[in-house]
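*Asks:* Any chance you can model this:
(one chain, ligands or ions: 1)
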Amino acid sequence: MLRHGLQMARGLCQLLSDKFSVGLHRNIMKHLLPINATGHAWSPLRNIRAVTQMAPWPFSSSQPRDYSLPNASWSAEMQRLYDQYSSMCEVETEGSEKKKGAWRRLPSYNRTLKYATGGRCLSRMLQAKARLFTRNIEEQGAGFEYVVFINKEEKTCVCVFQAGHLLEGPPGHVHGGAIATIIDSVTGTHATYISGPVMTANLTINYRSPIPLGSVVLVHSALDKVEGRKTFISCQVTSSDGAKLHTEATGLFVSINVSHLFGA
Ligand SMILES: CCCCCCCC(=O)SCCNC(=O)CCNC(=O)[C@H](O)C(C)(C)COP(=O)(O)OP(=O)(O)OC[C@H]1O[C@@H](n2cnc3c(N)ncnc32)[C@H](O)[C@@H]1OP(=O)(O)O
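*Replies:* Numbering: from 1, shown residues only. A predicted model of the protein is given here:
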């Protein structure tokens with residue numbers, strides 16, 4: 001019973017911190033994972049693990065890499081847009097006072113839920129190898145380079161997305177499935193920020209104009225409405241100056257009890 005409860009707590013914590021990559025995880029993480037003076041996470045669950053012989057806590061020895069931070073593969077346009085939205089974000093100044101800003105950058109990691117379906121643990125091999133679909137290409141700039149910002153006041157999201165050469169569909173242009181993936185990731189993250197844990201129930205996409213490989217586009221996500229467990233989001237992918245419409249989409253996200261993902 002204790003073991004099962006701890007697995008659930010650990011899975012929930014990681015779900016909120018990895019899969020959904022949104023701010024609400026912070027409240028839980030700060031209780032479960034105080035950061036010590038060396039910057040390493042300390043977990044009360046880790047201490048209990050010695051008694052219960054549970055699988056390793058994935059964040060126990062080092063901080064996870066935040067993939068939404070700039071790297072050498074980012075083009076000047078990607079960096080410019082990152083700087084533009086970052087300048088509108090809330091920042092902590094000296095003395096822990098916060099400078100007001102409507103936007104917030106959402107961190108992004110490469111691990112997803114550790115304990116998945118059927119109420120059973122995934123095999124150790126799968127646990128070790130599982131990676132978030134959009135963050136699983138090692139070579140920087142080859143796949144999905146993106147960063148998501150959320151506007152708390154307007155309840156909108158924008159993602160700056162640079163599509164790498166491994167995402168080719170039609171010659172020299174981005175694969176429709178890759179476009180769907182980034183749309184699902186951004187709108188899903190947005191819905192989670194609004195409504196807590198959700199799953200995509202429906203995604204409807206209209207492709208209006210092809211996206212050149214290597215280009216930087218903006219994925220704009222807006223909340224349409226929330227009806228009970230249903231969160232409706234609409235989305236547009238445009239050129240970085242907003243002049244060209246590439247893709248339009250609508251998504252329906254249904255709130256779930258996380259036990260849904262544990263097969264309970
Ligand atoms: C950082 C990374 C972020 C990544 C975000 C990516 C998110 C994802 O990709 S999730 C993976 C893809 N999605 C899935 O695998 C979901 C699979 N489907 C399911 O698990 C379930 O069908 C689920 C959870 C969506 C809904 O099931 P359940 O909880 O039983 O809800 P259910 O009672 O059927 O429906 C609830 C409401 O939604 C409606 N609904 C459910 N599915 C649909 C649908 N496809 N179309 C329209 N309406 C729907 C129902 O009609 C019902 O409406 P109402 O309350 O008005 O009667």
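*Asks:* Could you check which residue of the stretch 151-264 of the chain lies nearest the ligand?
*Replies:* Here the residue of the stretch 151-264 of the chain nearest the ligand is Gly188; by CB to the nearest ligand atom that distance is 2.6 Å. (Each C-beta comes from the backbone N, C-alpha and C, glycine too.)
*Asks:* so where is the chain shaky, pLDDT-wise?
*Replies:* Judged against pLDDT under 70, the low-scoring parts of the chain cover residues 1-62, 92-99, 112-127, 260-264.
*Asks:* and it, which residues reach the ligand?
*Replies:* By the rule CB under 6 Å from any ligand atom, the part of the chain lying against the ligand is 19-21, 184-185, 188-189, 199-202, 228-230, 252, 254, 256.
*Asks:* thinking again about what came up before, which ones are touching the nearest residue to the residue of the stretch 151-264 of the chain closest to the ligand once chain neighbours are set aside?
*Replies:* In space, not counting the residues next to it along the chain, Gly188 is nearest to Thr200; the distance is 5.7 Å by CB to CB, 6 or more residues apart in numbering. If you count contacts by CB atoms under 8 Å, 6 or more residues apart in numbering, Thr200 has them with 184, 187-188, 251-253.
*Asks:* go with 6 Å
*Replies:* 184, 188, 253 (CB atoms under 6 Å, 6 or more residues apart in numbering).
*Asks:* May I see the residues you listed arranged in TSV, with neighbour count as well?
*Replies:* Shown next, in TSV, are those (neighbours: other CB atoms under 10 Å):
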residue	neighbour count
Asp184	19
Gly188	23
Phe253	26
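*Asks:* Take those residues and keep only those in helices.
*Replies:* Of the contacts of Thr200, the ones assigned to helices by DSSP state H are 184, 188.
*Asks:* Just the element for the closest residue to Pro170 other than its chain neighbours, please.
*Replies:* Sequence neighbours aside, Pro210 is the residue nearest to Pro170 in space, at 6.2 Å (criterion: CB to CB, 6+ apart). Using DSSP states H and E, Pro210 sits within no helix or strand.
*Asks:* Give me the neighbour count for Pro210.
*Replies:* By the measure other CB atoms under 10 Å, the count of residues near Pro210 is 17.
*Asks:* next one: the one 4 residues further on
*Replies:* Other residues within reach of Gly214, judged by other CB under 10 Å, total 14.
*Asks:* Over to Ala178?
*Replies:* Neighbourhood size, Ala178 [other CB under 10 Å]: 21.
*Asks:* Next: the one 4 residues further on.
*Replies:* Residues within reach of Ile182, counting by other CB under 10 Å, total 24.
*Asks:* now do Thr189
*Replies:* By other CB under 10 Å, 23 other residues sit near Thr189.
*Asks:* The one 3 residues further on too?
*Replies:* Counted with other CB under 10 Å, residues neighbouring Thr192 total 25.
*Asks:* Against which helices or strands is the strand or helix carrying Gln79 packed?
*Replies:* For Gln79, the host element (DSSP H and E) is helix 76-86. Applying 3 or more CB pairs under 6 Å, 6 or more residues apart in numbering; DSSP states H and E, we find helix 76-86 packed against strand 156-163.
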